[in-house]
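K.L.:
Give me a 3D structure for the following:
(one chain, ligands or ions: 1)
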Amino acid sequence: MTIQIITIDGPSGSGKGTLAAKLADHYQYHLLDSGALYRLLGLSLQNKALIDALDDEPVLKQSVTIAANLDIQFKNSASGTIVLLDNQDVTQAIRTERVGELASKVAAIPALRAALVDRQHAFAQPPGLVADGRDMATSIFPQAQAKIYLTASAESRAERRVKQLQGMGLDVKISDILSNIQARDNRDMERAVAPLKPAEDAYIIDSSELNIDEVFKLMTDYVDAQLDK
Ligand code: DC
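P.N.:
Residues are numbered from 1 along each chain as shown. Have a look, this model is predicted:
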């Protein structure tokens, strides 16, 4: 049986996470949140006080071993997915801006990316997978039947992020969030290995002026057409 794979790549704040979860639910496929793996690795290397010494060859080697052996679990619960690192609930902890920065830092290091490849491939299980990330179509699952690139202007992504953080009771300035987003975009798009860019055969959606339901409709129309081929 062929495992159907739908990839969704794009910058942070484009709505990828929400839409990937909705698609996985709709098609009853498995879900890979690859960004969570980078976040978990960033957090783990910070907990072990290695994150600031990755330029040092032995520390990098040790970190590659840690990456390949990360003790993580994704558990479904009524309130969403619970993420465990070394049996500790880090569901909230990995969503902070700070851990996002750590993730972006480890994601720029080729040896650490390579150490996470097998783990990502292991998510491809019947009947199918929705894989959310930056390089799902260009490097991890180039054989995917449906490849979506979801983007949005930096300004609209910053506005969404501010609303999300305010909803969590945090007091944030849009200018700070916008400059974080721009810095992260630059780092993700300009790194030498697996930079963020659409696959040549990707279906590109700009969600700046669209709501979730509108984007979801575009996606399912496209995916249905691809899976029928
Ligand atoms: O999607 P996210 O914000 O959770 O991703 C966190 C960081 O990990 C982000 O800076 C980009 C990086 N990342 C990556 O390089 N490749 C992926 N497939 C997923 C995320």
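K.L.:
Going by C-alpha atoms from here, please, whenever you check contacts or count neighbours.
P.N.:
Will do.
K.L.:
pLDDT below threshold where in the protein?
P.N.:
229 (pLDDT under 70).
K.L.:
And for the residue nearest to the spatial centre of it, nearest residue in space, chain neighbours not counted?
P.N.:
Centroid-nearest residue in the chain: residue 35, 2.9 Å away (criterion: C-alpha atoms, centre = their mean). Closest residue in space to residue 35, ignoring its immediate chain neighbours: residue 133 at 5.8 Å, by C-alpha to C-alpha, 6 or more residues apart in numbering.
K.L.:
And for that neighbour, the neighbour number?
P.N.:
Neighbour count for residue 133, taken as other C-alpha atoms under 10 Å: 24.
K.L.:
quick one: contacts for residue 152?
P.N.:
13-14, 206-208 (C-alpha atoms under 8 Å, 6 or more residues apart in numbering).
K.L.:
how about a cut-off of 7 Å?
P.N.:
When contacts are counted by C-alpha atoms under 7 Å, 6 or more residues apart in numbering, residue 152 is found next to 14, 206-208.
K.L.:
With residue 67 instead?
P.N.:
Contacts here follow C-alpha under 7 Å, 6+ apart; on that basis residue 67 touches 41, 112, 115-116.
K.L.:
So what's the residue count around residue 183?
P.N.:
Residues near residue 183, counting by other C-alpha under 10 Å, number 12.
K.L.:
Show me the contact partners of the helix or strand containing it.
P.N.:
Per DSSP states H and E, residue 183 falls inside helix 174-190. Residues outside helix 174-190 that contact it (C-alpha under 7 Å, 6+ apart): 11, 104, 154-155, 158-159, 162, 195-197.
K.L.:
Going along the chain from it, find the next helix or strand for me.
P.N.:
Using DSSP H and E, the next helix or strand after helix 174-190 towards the C-terminus is strand 203-206.
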